[in-house]
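K.L.:
Predicted structure and sequence below. I'll ask about it afterward.
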Amino acid sequence: MREEAEVLKEIRSALEGTGERKAKFERVAAILQEAGGYRWIGLYDVMENEIVLAAWSGAGPPAHRRFPVSQGLCGEAVRTRRPVVVGDVSKDPRYLKTLESTRSEIVVPIFDSVTGETRGLIDAESDRPDAFGEEDRDFLERCAAELGTAVSPSPG
């Protein structure tokens, strides 16, 4: 994993300035994927009743680009307002299959830095069981805090 301060600086830089939100989030997803050595990273917007893919980087697009906030490990992270780490998704009934080869997953909420509301999610997936530990959770939580200063759900 790369130096965290450098990664957070890259995220801030990607979010600053003009340009489309989608392009900014695609850049952030790529930064996170490379920095953490993750196979796949997704950034999601959390709407009132729906979770919507904002950007991704890695092994391919997920099977579900939008789904009810009540479903999946992402939905669990929204409901509990806590990171969700699953070592073997095949044994977790909450898992919503998105990529064929996923074995483990971590989902970290992104809180609006002003209102404290859950506005987004960072989702990392691996084809290895038990791929995510405390270091990943801490790193992604700090990245989510950085994103919390920039999130506002896009319409639709």
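P.N.:
Looks like it arrived, so ask away.

K.L.:
what about the longest helix along the chain, average pLDDT?
P.N.:
Ranked by residue count under DSSP state H, the longest helix found in the chain is helix 21-36. Averaged across helix 21-36, the pLDDT comes to 95.

K.L.:
Run the chain-centre distance for that helix.
P.N.:
Here helix 21-36 is found 10 Å from its chain centre; the criterion is CA atoms, centre = their mean, to the nearest Å.

K.L.:
Let me see the ranges of the helices in the chain.
P.N.:
Using DSSP H, helices in the chain cover 4-15, 21-36, 72-80, 134-147.

K.L.:
tell me, what residue is most central in the chain?
P.N.:
I122 (1.2 Å; CA atoms, centre = their mean).

K.L.:
was I right about it contacting V107?
P.N.:
Yes. If you go by CB atoms under 8 Å, I122 and V107 touch, sitting 7.2 Å apart. Just so you know, the C-beta spots here come from the backbone N, C-alpha and C atoms, and that holds for glycine as well.

K.L.:
Please identify the buried residues of stretch 53-62?
P.N.:
53-59, 62 (16 or more other CB atoms under 10 Å).

K.L.:
Most widely separated two among those?
P.N.:
Spanning the widest gap among those are A54 and A59, at 17.5 Å by CB to CB.

K.L.:
ok so, going back, by contact count, what packs against the longest helix of the chain?
P.N.:
Judged by 3 or more CB pairs under 8 Å, 6 or more residues apart in numbering; DSSP states H and E, the packing partners of helix 21-36 are helix 4-15, strand 40-46, strand 50-58, strand 118-126, helix 134-147.

K.L.:
now the farthest one out in the protein, which residue is it?
P.N.:
Outermost in the chain, CA atoms, centre = their mean: T18 at 22.7 Å.

K.L.:
Torsion angles phi and psi at that one?
P.N.:
phi -90, psi 170 (degrees, to the nearest 10).

K.L.:
Distance check, it against L140.
P.N.:
T18 is 27 Å from L140, where distance means CB to CB, to the nearest Å.
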